[in-house]
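In: Attaching a predicted model along with its sequence, questions to come.
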Amino acid sequence: MTADRTADTPGTATDRAPVAEATRAVVQQFLAARPAGGTGRLTGLFADEVDRQLAENPAVPWIRPRHAAAECAAQAEEPAAHTVPEDARASLDAYLVDGTDAVVTGHVAGTVRATGKTFEGPFALRLTVENGRITRHHLYENSLSIAEACRP
């Protein structure tokens, strides 16, 4: 009889399960802290340097390059200064974790305070968690809708 070695083989499902659970835990903390605007809590979840990707959009005051942990965490609070809080809506459709990577999809909507215009659309967020901290934050969203809502 031959022993089944797949349980100990790096890269197999059983090897990745603890990594995926650690990733899931950090992402859940991120998702809980983000709407609350917990900048201090969020800063601790990000690595010192983050591979952050978000299409630059000069029409949108809160969208700009950010790479340091505190800058990435501030992204949670800044939209509130430019949008109507009671009109802000976000929903999650799917949440997938594979090893150190997680993808969250959903919809976001809101109203820009300065113009009174609304925006809405789908989003996808790809996160990578290494050593208990978020090292990658790539956000794909309906930036055209947001830019149009920001234009007077």
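Out: Looks like it came in fine.

In: got any ranges where the protein has weak pLDDT?
Out: The model of the chain has pLDDT under 70 over residues 1-16, 36-38.

In: Let me see the ranges of the helices in it.
Out: For the chain, the helices defined by DSSP state H occupy 13-36, 39-45, 69-74, 78-82, 143-150.

In: Now Arg126: closest residue in space that isn't a chain neighbour?
Out: In this structure, Arg126 finds its nearest non-sequential neighbour in His138, 4.3 Å apart by Cβ to Cβ, 6 or more residues apart in numbering. Using the backbone N, CA and C atoms, a C-beta is placed for each residue, glycine as well.

In: show me the contacts for that neighbour.
Out: Neighbour list for His138: 51-54, 125-127 [criterion: Cβ atoms under 8 Å, 6 or more residues apart in numbering].

In: what about 10 Å?
Out: For His138, the contacting residues are 51-54, 103, 124-128, by Cβ atoms under 10 Å, 6 or more residues apart in numbering.

In: again, but for Glu120
Out: So Glu120 contacts 89, 107-111, 142, 145-146, 149 (Cβ under 10 Å, 6+ apart).

In: same deal with Lys117?
Out: In this structure, Lys117 makes contact with 110-111, 145-146, 148-152, judged by Cβ under 10 Å, 6+ apart.

In: Name only those of these that count as buried.
Out: Using 16 or more other Cβ atoms under 10 Å as the burial test, the contacts of Lys117 include 110-111, 145-146, 148-150 as buried.
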